[in-house]
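Participant: pasting a predicted model and its sequence here:
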2 protein chains.
Amino acid sequence: MKLLTVGSVAFDAIETPFGKTDKIVGGAGTFISLAASFFLPEQGIISVVGEDFPKEDLAEMEAKGIDLAGLQIKLGEKTFFWSGKYHNDMNSRDTLITELNVLGTFDPTVPEAYQGAPYLMLGNLSPEVQRTVIERLTVRPKLIAMDTMNFWMDIALDELKKTMKLIDVLIINDEEARQLSNTYSLVKAAALIQDMGPKIVIIKKGEHGALLFHGSQMFFAPALPLEDVFDPTGAGDTFAGGFMGYIASSDDYSFENMKRAIIVGSALASFCVEKFGTARLKEINKEDLNQRINQFVQLAHFQMMEL
Amino acid sequence: MKLLTVGSVAFDAIETPFGKTDKIVGGAGTFISLAASFFLPEQGIISVVGEDFPKEDLAEMEAKGIDLAGLQIKLGEKTFFWSGKYHNDMNSRDTLITELNVLGTFDPTVPEAYQGAPYLMLGNLSPEVQRTVIERLTVRPKLIAMDTMNFWMDIALDELKKTMKLIDVLIINDEEARQLSNTYSLVKAAALIQDMGPKIVIIKKGEHGALLFHGSQMFFAPALPLEDVFDPTGAGDTFAGGFMGYIASSDDYSFENMKRAIIVGSALASFCVEKFGTARLKEINKEDLNQRINQFVQLAHFQMMEL
């Protein structure tokens, strides 16, 4: 098993200018492992759901090679539920409902079969839970990547900093990078974040692409300019899952390969936003993904000549 | 003479979080022609100054091959003056003073020696003045590029649209593209702007790079992530001047060469912001520029492999 993911498996109810959903399956762990499944025949997930979580969806995950030994099902309890509404520009959203349910008491367990996995993706969760998983691994993974958000910077900054000391890659957005470093310039922000632990910092900038800071090296990744973003939910998790799935599959975390992994993650995220929830990711195949990646290559390609 | 530029030659007084200046030489025409001079041994400028404009600065422009036959000097009148203050994020600014002076009655004249120039850059000015220059050319240039800003969209939209029908390339920022098209998606905005006239639309996104829409083709240009932006004044004009200087010098406005021209313009703009006004642009040479361009190449380079 090359990749372990820790992250929520949840229900979302989403409203965008294009429509709204009832409760659909979402959660960081869901998007991450689904995206990673494009590259990995098997992987593990550490998560928790309630008794209300549909068996068919679990079966679908298993069919994609996502091992569920680390996914706890709490009888008599309810699955984490989030509801949100996006504004017209799709760059900001209001949270309407957050019901922690099983996530409120989540005590992550690491099945024996998961021990020794070389790659670990910590999806957005409380930094204490993220750290607990690291502590419960008998062998330190080769590469630990982590997502987080401003919520944890607001209410659990010390815990977040403790966990950050243990990881290799931090994946956050530009606003979060500025908040975490208290600095506007993203170059300076990345350097300050590297001082907090992770030597590799990926700053996502939505429609503006992403920046990779890998030690002292830097990469400016393009984003595909889209006519419409239908539903941004899960795009960041999909990016992270595609990124880590690609890295784990190739077992190569060099700067050059991380650039490729970012393009792959961006391409998957560009599909994710085309429909609600995981719908679009479930439709596409590797050929679709290759074609989309080729669009990124075309979009960013230029050939300079000496002046 | 391969390139004509129309644009203000002016005084600026600038305040940024890093310091402030007294009146220094600025203006769109100044930055554009200075940037273009890296590629062109001679070029023309159509502009106007007052009697108060320093002779040494005019001599310096001439020494760089900027022909001043089209620059009117109004005796007894004063040069255009703008004063502004940048906010902490450097992305927004307040205009403190605007004294139109000679620009208020500017009637552009095209010297005989300028007729037949194949490339025309219309710096940000009233769309009527921009159109007057086009009308006073006896031969239609091969390529006409134009800069404008939200100010003209607010007060002279009909005039702006009339001028836009006559041009090939529009260079504006993302906010302006959204205002002009009344559309949030930049892909849709570019298509709507193309319908207004210019088949080539360049949308500048500051620290996020630039998008080139060339007919139905698209290019995502990187920006160099900077630790500090000292003074953004003139960066957009420098970009446009580098872009058109490179195009005019190579006499090639294909999609591939426009990509290169955008990188060149971006590289020059990245120098521009390092000091107040034109100071940094006057210090650097072609070797400095080549090195900076190479940083852009490194920054954006990735090599994909089939999945």
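Facilitator: Sure, I can see it.
Participant: show me the contacts for A:Ser266.
Facilitator: Listed by C-beta atoms under 8 Å, 6 or more residues apart in numbering or on different chains, the contact partners of A:Ser266 are A:209-210, A:221-224, A:239, A:242, A:296. For glycine as for every other residue, the C-beta is placed from the backbone atoms N, C-alpha and C.
Participant: now name the helix or strand holding it.
Facilitator: Mapping A:Ser266 onto the secondary structure by DSSP states H and E places it in helix A:255-272.
Participant: contact residues of the stretch 51-200 of chain A facing chain B?
Facilitator: A:88-89, A:184-188 (C-beta under 8 Å from any C-beta of the partner chain).
Participant: burial of the nearest residue to A:Ile134 once chain neighbours are set aside, as a residue count?
Facilitator: The shortest distance from A:Ile134 to any residue other than its chain neighbours is 5.2 Å, reached at A:Leu166 (C-beta to C-beta, 6 or more residues apart in numbering or on different chains). A:Leu166 has 16 neighbouring residues, counting by other C-beta atoms under 10 Å in any protein chain shown.
Participant: residue contacts, the residue in the stretch 51-200 of chain A that chain B sits nearest to?
Facilitator: Nearest residue of the stretch 51-200 of chain A to chain B, counting by C-beta to the nearest C-beta: A:Val187, 4.7 Å away. By C-beta under 8 Å, 6+ apart, the contact set of A:Val187 is A:218, B:225-227.
Participant: show me which of those is closest to B:Leu68.
Facilitator: B:Leu226 (33.3 Å; C-beta to C-beta).
Participant: which element is the closest one on?
Facilitator: Under DSSP H and E, no helix or strand contains B:Leu226.
Participant: what about it, neighbour count?
Facilitator: A count of neighbours around B:Leu226, defined by other C-beta under 10 Å, yields 16.
Participant: sorry, back to before: of the residues of the stretch 51-200 of chain A next to chain B - the most surrounded one?
Facilitator: Greatest neighbour count in those, by other C-beta under 10 Å, goes to A:Leu186: 23 neighbours.
Participant: now do that residue, the pLDDT please.
Facilitator: Looking at A:Leu186, its pLDDT stands at 95.
Participant: is it true that it touches A:Ile202?
Facilitator: No. The pair A:Leu186 and A:Ile202 fails to qualify as a contact (C-beta atoms under 8 Å) at a distance of 11.2 Å.
Participant: quick check: neighbours shared by these two?
Facilitator: Common contact partners of A:Leu186 and A:Ile202 (C-beta under 8 Å, 6+ apart): A:Leu211.
Participant: filter the contacts of A:Val187 down to the buried ones and hand me the PyMOL line.
Facilitator: Here is the PyMOL command that selects the buried residues among these (16 or more other C-beta atoms under 10 Å in any protein chain shown):
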select buried, (chain A and resi 218) or (chain B and resi 225+226)
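Participant: for the contacts of A:Val187, which one is nearest A:Ile284?
Facilitator: Minimum distance to A:Ile284 across the contacts of A:Val187 is 30.4 Å, recorded for A:Met218 (C-beta to C-beta).
Participant: look up phi and psi at that closest one.
Facilitator: phi -140, psi 140 (degrees, to the nearest 10).
Participant: would you agree it is in contact with B:Ala300?
Facilitator: No. Using C-beta under 8 Å, A:Met218 is not in contact with B:Ala300; the gap is 10.2 Å.
Participant: and the residue nearest the centre of chain A, how close does it get to A:Ser33?
Facilitator: Centroid-nearest residue in chain A: A:Asp237, 2.6 Å away (criterion: C-alpha atoms, centre = their mean). Look at A:Asp237 and A:Ser33: by C-beta to C-beta, to the nearest Å, they are 9 Å apart.
Participant: for these two, list the residues in contact with both.
Facilitator: Counting by C-beta under 8 Å, 6+ apart, the common neighbours of A:Asp237 and A:Ser33 are A:Gly7.
Participant: list the contacts for the residue lying farthest from the centre of chain A?
Facilitator: Most distant residue from the mean C-alpha position of chain A: A:Leu307, 41.5 Å away (C-alpha atoms, centre = their mean). A:Leu307 makes contacts with B:38-39, B:264, B:286, B:289-290, B:293, as judged by C-beta under 8 Å, 6+ apart.
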